[in-house]
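> When you get a sec, could you give me coordinates for this:
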Amino acid sequence: MERRNYALVTGGSRGIGRAICIALAHDLNYPVLINYQSNAKAAEETRELIAANGGEAEIIRFDVSNQVETHEQLAHWKSQHPDDLIEVIVNNAGITRDGLFMWMENDDWNQVVQTSLNGFYNVTKFLIQDLLRHRYGRIINVASVSGAKGTAGQTNYSAAKAGLIGATKALAQEVAKRNITVNAVAPGFIETDMTSALDEKELKKLIPLNRFGKAEEVADLVSFLASRKASYITGEIIHINGGIYS
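Reported below is the predicted structural model:
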């Protein structure tokens, strides 16, 4: 049986993750694995949007911060697809638990770091041996402007995303000889559920382009990095923030 190459997007049910799933299916014809943790309805909507455009997608549920659950579900998928390969990994899953550091609860720190940073480890570590044997792969990590410059009220999120940026740069050097690229995108203010509570009218005054970005604009960048066109780009953190920080 001919091998089929898949793309996995963690946190793929909504927002930036959903847009990335749709772009990878549409632009690069990947069958997409839509990972989600809790919102089954949103994951199914994403799958339906891909199918409506002639693409193909499957839903896979696990909490990226839970290593046992992550490995169990990915191992189960592999057992059902013994000849297939996940050759594009998009580590997008992330949560925020904002608050000033002096009042930050232990749980708010741990949950954010577990999801953004340990989630990257749990997913990528399990799948990377296959990429190394295959001698091709794309790993794309969704970081944040907060991880690059730090954001007040987001010490936990900034730390997690900064860790993801460091991991991106180091891993890129380790696997480049096997034709695997590792890059990160660092969005600024993007119109999603995560930013819906922010004062967009005030914040866009800080942005040279004078608007929030769209999830589809981030997805277009991820799609490019996942393509053969980006074969000589690795270890990079590409900012997509309307000029607010570079």
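> What's the mean pLDDT across stretch 117-133?
Regarding stretch 117-133, the rounded mean pLDDT is 98.
> can you check stretch 101-113 too?
So the average pLDDT for stretch 101-113 ends up being 97.
> How about stretch 6-23?
Rounded mean pLDDT across stretch 6-23 is 97.
> starting at the chain centroid, how far to that stretch?
Computed by CA atoms, centre = their mean, to the nearest Å, the separation of stretch 6-23 from the middle of its chain amounts to 8 Å.
> So for that stretch, first residue to last residue, what's the gap.
Stretch 6-23 has an end-to-end distance of 13 Å (criterion: CA to CA, to the nearest Å).
> Please apply the same query to stretch 98-118.
First residue to last in stretch 98-118 (CA to CA) measures 19 Å.
> Stretch 208-215 now?
18 Å.
> Now find how far off-centre that stretch is within its chain.
Counting by CA atoms, centre = their mean, stretch 208-215 comes out at 20 Å from the chain centroid.
> Stretch 230-246 now?
With CA atoms, centre = their mean, you get 14 Å for stretch 230-246.
> Using the three-state scheme, assign Asp63.
Three-state assignment for Asp63 (DSSP: H, G, I helix; E, B strand; the rest coil): coil.
> That one reaches Thr70, doesn't it?
Yes: with contacts counted by CB atoms under 8 Å, Asp63 reaches Thr70, the gap being 7.2 Å. All C-beta spots, glycine's among them, are computed from the backbone N, C-alpha and C.
> For the helix or strand bottoming out on mean pLDDT in the chain, name the packing helices and strands.
Counting by mean pLDDT, DSSP states H and E, the chain has its least confident helix or strand at helix 200-203, which shows a mean of 82. Of the remaining helices and strands, none touches helix 200-203 by 3 or more CB pairs under 8 Å, 6 or more residues apart in numbering; DSSP states H and E.
> For the residue most central in space within the chain, give me phi and psi.
A centroid search over the chain (CA atoms, centre = their mean) returns Asn92, at 1.9 Å, as the residue closest to the centre. Dihedral pair for Asn92: phi -110, psi -20, per degrees, to the nearest 10.
> How about Thr181?
Torsion angles, degrees, to the nearest 10, at Thr181: phi -100, psi 150.
> Equivalent analysis for the one 10 residues further on, please.
As for Glu191, its main-chain torsions (degrees, to the nearest 10) stand at phi -70, psi 100.
> please renumber so the chain begins at 307
Let's use 307 as the start, then, which means that last one is Glu497.
> so what pLDDT did the residue lying closest to it once chain neighbours are set aside get?
Excluding the flanking residues, the one nearest Glu497 by CB to CB, 6 or more residues apart in numbering is Phe518, at 4.8 Å. pLDDT, Phe518: 93.
> quick one on the thing from earlier: same drill for Asp369 and Thr376, tell me which one is more crowded.
Thr376 (23 against 20; other CB atoms under 10 Å).
> how much space between the more buried one and Arg309?
23 Å (CB to CB, to the nearest Å).
> any chance you could map the helices in the protein?
Taking DSSP state H to define them, one finds helices in the chain at 321-334, 346-358, 373-386, 412-419, 425-440, 451-455, 461-481, 506-509, 521-532.
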